[in-house]
Structure formats: structure tokens, C-alpha cells
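>>> Just the structure for this:
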Amino acid sequence: MPKRRYSPREMLAVLVGFDTVSRSSNLALIDWVESYLADYGVACRRSYDDTGAKANLLATLGPSIEGGIVLSGHSDVVPVDGQGWASDPFTMTEREGRLYGRGTADMKGFLATALALVPDFLARPLARPIHIALSYDEEVGCIGVHRLIDDLTRNLPRPALVVVGEPTSMRVVNAHKGVAGFVTRIHGRSAHSSQPHRGGNAIVAAARLIAELHGMAEEKKAAPQPGSGFVPPYTTFGIGVIQGGSALNIVAEHCQFQWEFRSLPGDDAETILARFESFARDTVLPDLRAHAPEAEIVTETLAAVPPLAPEEEGLAETLLKRLTGSNRAEVVSYGTEGGVFQHAGLSTVICGPGSIDQAHQADEYLELEQLELCADLLGRLADWARCAEAA
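The predicted structure is shown next:
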């Protein structure tokens, strides 16, 4: 019985049809992809999260030797709650040359193209392997890719380069900012608001900490790096959520807030966090404990995504620029799994179909032309893997 072949567009419609919002399991999509690849005799490996409800998938085409290419993308998508979609976000819809659906741009378009081209990859044949990597929980802090990379580096021959197919409009990207996200929880002491000296106001402590973060942000803004290519050209800070207090006339016993910074390559994330924690420990906490000896300030890391830095004469950038005909690489301010791959010692670039401008929005879409450009590039990468030539 002939194996079912899919065009990139048809494959994208299949992948969009799986609701893989990060809060849910992605196993239905992983099962389908693994079954599809099994029809072509492609070996797959899985690595699971602690609950077993989510999995990475790592597929290898071609010989089991070093020097291959990893085509990497995340299977999860952001929620659609509260967004006004013109059509079902989990049913791909074409309108005027655009493919609408959650994940079309970010980033199932790249995965769909790679999977649709599997028969063409296998027909070459390959002198170097092509690894197709699908991860879980990228959208909530690049969580799953750590286990995928551990599995890859421990159990498979080391690849030569990684292409992460985040939406770059098929431009080669060699750098992005790091992302570090936290929740800071303050425990004080409640009291009647007419007797504030008998309590420890957690909201006031949070306000002082947030003001310190604002001051750190202003320092970075005052010392930009215009040559970095980033917009804005400095490390940025953000406060996303704050919760605290119970009533107007009660000194707030508890408060917590979520915050982040997005650091330029070379701007040390540990130094930034250490400064914040030092201020909390040495300045804010003593004042809080003056009236609430049991007071605590605890900061927990929610996400830690290293930046992607340009690699001098790196194979990934050199090869992708040659295959795309570009003489320059660009940078982006959003974070990706690319920084995690590079941190593991793998030459990495970002290049994929679609625009980040459409990501995470209602009526997210991907231009059909972008799928065609992606298929062309992946075909060129497969030709390089077939010939095993130097970059």
C-alpha cells in the first residue's frame, strides 16, 4: 500500500488540528508524527516530562554518524482564550494566500515542512543524518528542550549544526536575547490598617523591590549598545503580574509579583539576579522584619533561557547564509530554544517561515509563500547532507 505523502500545507493542517496549548498534553500530536515517520522506517526516540503527559520526539533520517543537521521546533502553542478569532483556531483556514490557525507561524509551519519533506530527504540518500526534533513546553520557558538535548547528546552521534525554525521570515538569525523569568513572594504580618506599626506590609515591600527593578532597567536604558542590532539595544525588564492584600483596612500579609528581564548576549543574568536578591535581603527584608520578625522574601526562577550569541565562523551561520544567498545575519529580541542548543555546544541559528508579528495573536497566520521558501531551504540543506561537503 503506498505511503501517504503530504504537501507542507497539508501537513500544517494536520498539526494545527492538534490542540497543543502548553497547559495540555501534546501526546496526541507526538503519537501521530511518530506513526507517520514509522511508515517511512524512520527511527524515533521520546523523552518525557515528569508527569508522562508530555514528550519530546527526536527522529533520525540517514546514517547514524556524527556531523548531521538538527531541524528543531516546539510542538506547543500559546492559548487562544479571550482572543477574537474569525475562524476556529484549531482548524487551518486559507484566506487570500494566508493560512490561519494557532501555531501556523509559531511554529508548526517549520515542523510541517520538515515532516512533509521526509520522503524527499530519504530519497537522496543522505551521507549525513537529518534529525527532526519536536519539543514540549517551549512557550512556558523552554522547558522540554533540555531533556531533548540531553537525550540527543547522550544517545546519538553528535550533530554538526542546529536550525531552530522560529518565525524569522526565512532570514538567518544568529543572536537573540536571553530570557529570565521569576516570581518573588513576600510574607509579612497582617494588622489593622490603623496600626501599621504592628504589621509588616508585604505590598509596600513589593513596591520597593519593583522600584529597584525599575532603577536597574533605567540604568540599562541609559547605556545602550547601538551596534548590537537589537531593538531596543539594551537589556529590558518587565513586571507582568502582581497579587497581594486582602482588604483596604488590613496591612497586607502577603504579596507576590512575576517579573523578567531579557538580556543582551554578554550581559550576565546571574549578576542581575544577584543584585536584586542582595537589595531584597540587605535593604528591604530588615525593614520588614523590624515589625514582623517572621517575614520572608523568596524569589523562584520560572524560566531561564540563555541568549544566542553570534558564532565567529560558526558552521550553522556560514552554511545557512550560503544556502539562502544572504551576506548578513540578523538578531531578534525574543528568546528561543536556540540559546539552549548553543549553550550545549552545538552551532545554532534561527531560521523559519512566518513573522513574529503574527505570533500569539488572534487570527495568527502564515503566508503560503513562506512555506515554499522554507521547503526550498530545507531541500538545499538535505542536498548538503547528501554530499557531505564542507560548508
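>>> What residue spans form the domains of this structure?
Annotated domains of the chain cover 8-175+307-387, 178-305 [automatic domain parsing].
>>> now those domains in JSON lines, with mean neighbour count and mean pLDDT?
C-beta: built from backbone N, CA, C; applies to glycine. Listed next are the domains of the chain as JSON lines, based on neighbours: other C-beta atoms under 10 Å; pLDDT from 0 to 100:
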{"stretch": "domain 8-175+307-387", "mean neighbour count": "20", "mean pLDDT": "97"}
{"stretch": "domain 178-305", "mean neighbour count": "17", "mean pLDDT": "96"}
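>>> Please tell me how far residue 240 sits from residue 210.
11 Å (C-beta to C-beta, to the nearest Å).
>>> do the same with residue 44
Taking C-beta to C-beta, one finds residue 44 at 46 Å from residue 210.
>>> re earlier: now list whatever residues contact both of residue 240 and residue 210.
Shared contacts of residue 240 and residue 210 (C-beta atoms under 8 Å, 6 or more residues apart in numbering): residue 259.
>>> Strands along the stretch 201-350 of the chain, start to end?
236-244, 254-263, 296-305, 330-332, 347-350 (DSSP state E, counting those that start in this stretch).
>>> can you redo these as TSV with distance to residue 374?
Formatted as TSV, those follow (distance: least, C-beta to C-beta, whole Å):
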stretch	distance to residue 374
strand 236-244	30
strand 254-263	27
strand 296-305	24
strand 330-332	17
strand 347-350	13
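>>> Report whether the expected contact of residue 158 with residue 66 is present.
Yes. In this structure, residue 158 is within contact of residue 66 by C-beta atoms under 8 Å, at 5.0 Å.
>>> got any residues that touch both of the two?
With C-beta under 8 Å, 6+ apart, residue 158 and residue 66 have no common neighbours.
>>> in the stretch 101-250 of the chain, which spans are helices?
109-116, 118-122, 144-155, 202-221 (DSSP state H, counting those that start in this stretch).
>>> The longest one packs against which elements?
When contacts are defined as 3 or more C-beta pairs under 8 Å, 6 or more residues apart in numbering; DSSP states H and E, helix 202-221 sits against strand 178-187, strand 236-244, strand 254-263, helix 269-279, helix 285-289.
>>> What angle do helix 269-279 and it make with each other?
Taking axes from the mean of the first three to the mean of the last three C-alpha atoms, to 10 degrees, helix 202-221 and helix 269-279 form an angle of 140 degrees between their directions.
>>> thinking again about what came up before, turn the helices of the stretch 101-250 of the chain into a markdown table, columns for distance to residue 170.
Output for the helices of the stretch 101-250 of the chain, formatted as a markdown table (distance: least, C-beta to C-beta, whole Å):
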| stretch | distance to residue 170 |
| --- | --- |
| helix 109-116 | 10 |
| helix 118-122 | 18 |
| helix 144-155 | 22 |
| helix 202-221 | 31 |
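>>> what's the closest of these to residue 169?
helix 109-116 (11.3 Å; C-beta to C-beta).
>>> what packs against the closest one?
Against helix 109-116 (3+ C-beta pairs under 8 Å, 6+ apart) you get helix 8-16, helix 27-39, strand 69-74, strand 130-135, helix 368-387.
>>> Distance from the chain centre to the last one, please.
Centroid displacement of helix 368-387 relative to its chain, using C-alpha atoms, centre = their mean, to the nearest Å, is 23 Å.
>>> contacts for it?
Contacts of helix 368-387 (C-beta under 8 Å, 6+ apart): 8-9, 12, 62, 68-69, 71, 94, 97-99, 109-110, 112-114, 116-117, 120-121, 124-130, 163, 165, 169-170, 319-320, 323-324, 351-354, 391.
>>> Would you confirm that residue 97 contacts residue 366?
No. The pair residue 97 / residue 366 is not scored as a contact, 10.1 Å apart, by C-beta under 8 Å.
>>> about what we covered before: nearest to residue 53, out of the helices of the stretch 101-250 of the chain?
Of the helices of the stretch 101-250 of the chain, the one closest to residue 53 (C-beta to C-beta) turns out to be helix 144-155, at 11.5 Å.
>>> what residues does that closest one touch?
Contacts for helix 144-155 (C-beta under 8 Å, 6+ apart): 45, 47-49, 54, 56, 58, 70, 72, 74, 131, 133, 135-138, 159, 337, 340-341, 344, 346.
>>> Report the separation between the nearest residue to residue 335 once chain neighbours are set aside and residue 238.
Excluding its sequence neighbours, the residue lying closest to residue 335 (C-beta to C-beta, 6 or more residues apart in numbering) is residue 179, at 3.7 Å. Separation of residue 179 from residue 238 (C-beta to C-beta) stands at 10 Å.
>>> what sits in contact with each of these two?
260, 262.
>>> List the residues that contact residue 273.
180, 182, 299.
>>> OK, contacts around the first one?
I take that to be residue 180. Going by C-beta under 8 Å, 6+ apart, the list of residues near residue 180 reads 260-263, 269, 272-273, 301, 303-305.
>>> how much space between it and residue 27?
From residue 180 to residue 27 the distance is 29 Å (C-beta to C-beta).
>>> got the contact list for stretch 292-300?
By C-beta under 8 Å, 6+ apart, stretch 292-300 touches 182-189, 199-200, 205, 209, 273, 276-277, 280-281, 284-285, 288-289.
>>> rerun at 7 Å
Stretch 292-300 has contacts (C-beta atoms under 7 Å, 6 or more residues apart in numbering) with 182-189, 199-200, 205, 277, 280, 284-285, 288-289.
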